[in-house]
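Q: Would you be able to build a 3D model of this:
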Amino acid sequence: MKMILQIVLSFMKIGSMSFGGAYGAMAIIEKQIVEINGWMSIAEFRDLVAIDELTPGPILINSATYIGMKIAGIPGAVAASIGCIIPSFIISLILIWVYRKYRRVSYIDESILSIKCMATAMIFSTFLTILLSSMYHEGAVDFLLLVMALVSFFLLRKYRINPIYLMLGCGAVCLALSLI
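A: A predicted model of the protein is given here:
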């Protein structure tokens with residue numbers, strides 16, 4: 001029961017700090033799960049992020065459910081999911097009420113701009129963490145991964161190719177090269 005309470009409280013912290021959505025929260029999840037609680041290694045966390053990208057549904061809830069399941073089985077999965085949802089739900093209700101009541105006040109616009117800046121910084125931090133931890137394997141740069149990332153970025157920006165096709169294509173290339 002102590003572990004379930006610890007899971008709920010940890011994910012309530014994560015849920016209450018998840019400005020910017022799932023990508024913004026990934027840095028917070030990593031710190032809480034890898035560094036503070038030691039429930040996963042950084043390699044396991046990296047794998048979790050990759051799996052979350054491929055599974056349907058909200059990334060934050062998928063992460064919470066997976067981590068809770070890994071730590072304490074089904075009760076842990078339920079505890080982590082609920083802990084993650086409750087703060088966001090309460091904060092959203094409060095913010096909606098405040099916005100509706102005071103939307104014409106200039107401080108509200110400035111506050112929303114500040115929140116956007118914080119969310120952007122958190123998302124960029126997560127991007128850099130995942131990029132740097134993925135690009136280096138055993139002290140060396142993974143050039144195949146670097147080339148696929150750059151080509152994918154180019155194809156996304158220039159030709160607006162569906163990201164699912166790019167993920168499947170990159171997976172097929174990696175699979176083919178591992179079989180050679």
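Q: Do a quick rundown of the strands in the chain.
A: Counting by DSSP state E, the chain has strands at residues 136-137, 140-141.
Q: Packed most tightly, which of these would that be?
A: Here the criterion is mean neighbour count by mean count of other C-beta atoms under 10 Å, and of these the winner is strand 136-137, at a mean of 11. Where C-beta positions appear, they are placed from N, C-alpha and C, glycine not excepted.
Q: any idea of the mean pLDDT in it?
A: Strand 136-137 carries an average pLDDT of 76.
Q: what residues does it touch?
A: Contact partners of strand 136-137, identified using C-beta atoms under 8 Å, 6 or more residues apart in numbering, comprise Asp142.
Q: same check, this time on stretch 14-31
A: Applying C-beta under 8 Å, 6+ apart, the external contacts of stretch 14-31 come out as 13, 32, 42, 45, 49, 52, 58-60, 63-64, 67, 83-88, 91, 115, 118-120, 122-123, 125-127, 129-130.
Q: Likewise for stretch 160-174?
A: By C-beta under 8 Å, 6+ apart, stretch 160-174 touches Glu53, Leu54, Leu144, Met148, Ser152, Leu155, Leu156.
Q: Now it: buried residues?
A: By neighbour count on 16 or more other C-beta atoms under 10 Å, the buried set for stretch 160-174 is Leu166, Cys170.
Q: export it as CSV, just CAs?
A: Extracted in CSV, the C-alpha atoms of stretch 160-174 (Å, rounded to 0.1, in the frame of the first residue of the first chain):
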residue,chain,number,x,y,z
ARG,A,160,4.6,17.0,-45.3
ILE,A,161,4.9,13.2,-45.4
ASN,A,162,2.7,11.4,-42.8
PRO,A,163,4.9,10.8,-39.7
ILE,A,164,3.6,7.3,-39.4
TYR,A,165,5.0,6.4,-42.8
LEU,A,166,8.3,7.9,-41.8
MET,A,167,8.4,5.9,-38.5
LEU,A,168,7.5,2.7,-40.4
GLY,A,169,10.1,3.4,-43.0
CYS,A,170,12.8,4.1,-40.4
GLY,A,171,11.9,0.9,-38.6
ALA,A,172,12.0,-1.1,-41.9
VAL,A,173,15.5,0.4,-42.6
CYS,A,174,16.8,-0.6,-39.2
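Q: if we can go back for a sec, JSON lines for the strands of the chain, including distance to Gly169?
A: Formatted as JSON lines, the strands of the chain follow (distance: least, C-beta to C-beta, whole Å):
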{"stretch": "strand 136-137", "distance to Gly169": "21"}
{"stretch": "strand 140-141", "distance to Gly169": "21"}
